[in-house]
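Chemist: here's my sequence, what's the structure:
(chains A and B)
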Amino acid sequence: GQQVMQIPQYQHVQEGEDFTTYCNSSTTLSNIQWYKQRPGGHPVFLIQLVKSGEVKKQKRLTFQFGEAKKNSSLHITATQTTDVGTYFCADSTGRRALTFGSGTRLQVQP
Amino acid sequence: DAGVTQSPTHLIKTRGQQVTLRCSPKSGHDTVSWYQQALGQGPQFIFQYYEEEERQRGNFPDRFSGHQFPNYSSELNVNALLLGDSALYLCASSQGQGSQPQHFGDGTRLSIL
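Modeler: Numbering: from 1, shown residues only, chains lettered A, B, ... in the order given. Below you'll find the model as predicted:
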């Protein structure tokens, strides 16, 4: 079945450094969604990307959908301790339910 | 405006027992999906309910069953519990079927002894 791979599994950065997580699929995606899950919390929807090559920004977060719609990335500029958590991409192709990646856990050292 | 609410928050069961978890969707949402999240993993889709019927199902055995009520709330039932069923069970609601953005509840932490 459809699989979505995420790298890295874990990243530890100093506050102020940038962070990027990558999401890759072996097949073409229609849409991709990104979620953030704080430690002990539940996933919270961040954004959905639909178009090839699409780039969306939310303050310090930049989301990108690849031209071939087989990969996506989330980049955080100048991380803060509030960015700590696990970031998941999720395949939202067609009318199927979401298929989540395994996530990237971000730790930010103050 | 209440978000997604789940009960109970924690539950401890023994192997072979049965469990029922409950979920009330966000106001205005008509679709409920259930996910299982093992420690350190992403949520795994169990099934989705819309108009009181199971519309989609993930790769979970028949021991996992569910129900949706006319008020859109939902239950997840798991029979013959196994140690491997220990996980966080997340309920998510959305407006409409398929791949709409999901609003998650805080989950039920199920521990099997």
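Chemist: so is residue A:82 in a helix, a strand, or just coil?
Modeler: helix (DSSP: H, G, I helix; E, B strand; the rest coil).
Chemist: do the same with residue A:64
Modeler: Strictly by three-state DSSP, residue A:64 counts as strand.
Chemist: my guess is it contacts residue A:57. True?
Modeler: No: under the criterion of C-beta atoms under 8 Å, residue A:64 makes no contact with residue A:57, lying 9.8 Å away. To be clear about C-beta, it is placed using only N, CA and C from the backbone, and glycine gets the same treatment.
Chemist: neighbour count winner among the two?
Modeler: Using other C-beta atoms under 10 Å in any protein chain shown, the more surrounded residue of residue A:64 and residue A:57 is residue A:64, with 18 against 12.
Chemist: now the strands: where do they sit in the chain?
Modeler: Using chain A. Taking DSSP state E as the test, the strands found in chain A are A:4-7, A:10-14, A:19-25, A:32-37, A:43-49, A:55-58, A:61-65, A:71-76, A:85-91, A:99-100, A:104-109.
Chemist: I was after chain B.
Modeler: B:5-7, B:10-13, B:19-24, B:31-37, B:44-50, B:53-57, B:64-68, B:74-78, B:87-94, B:103-104, B:108-112.
Chemist: now distance to chain A, mean pLDDT and mean neighbour count too, for these, in CSV please.
Modeler: Shown next, in CSV, are the strands of chain B (distance: least, C-beta to the nearest C-beta, whole Å; pLDDT from 0 to 100; neighbours: other C-beta atoms under 10 Å in any protein chain shown):
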stretch, distance to chain A, mean pLDDT, mean neighbour count
strand B:5-7, 9, 97, 16
strand B:10-13, 12, 97, 13
strand B:19-24, 12, 98, 20
strand B:31-37, 6, 96, 25
strand B:44-50, 5, 94, 22
strand B:53-57, 5, 92, 14
strand B:64-68, 13, 98, 18
strand B:74-78, 14, 98, 21
strand B:87-94, 6, 97, 25
strand B:103-104, 4, 96, 22
strand B:108-112, 10, 97, 18
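Chemist: can stretch A:74-93 be found next to chain B?
Modeler: Yes: counting by C-beta under 8 Å from any C-beta of the partner chain, contacts between stretch A:74-93 and chain B involve A:88, A:90, A:92, A:93.
Chemist: need the worst-confidence member of those residues.
Modeler: The member of those with the lowest pLDDT is residue A:93, and it reads 71.
Chemist: which residues are in contact with it?
Modeler: Residue A:93 sits next to A:2, A:29, A:30, A:31, B:99 when contact means C-beta atoms under 8 Å, 6 or more residues apart in numbering or on different chains.
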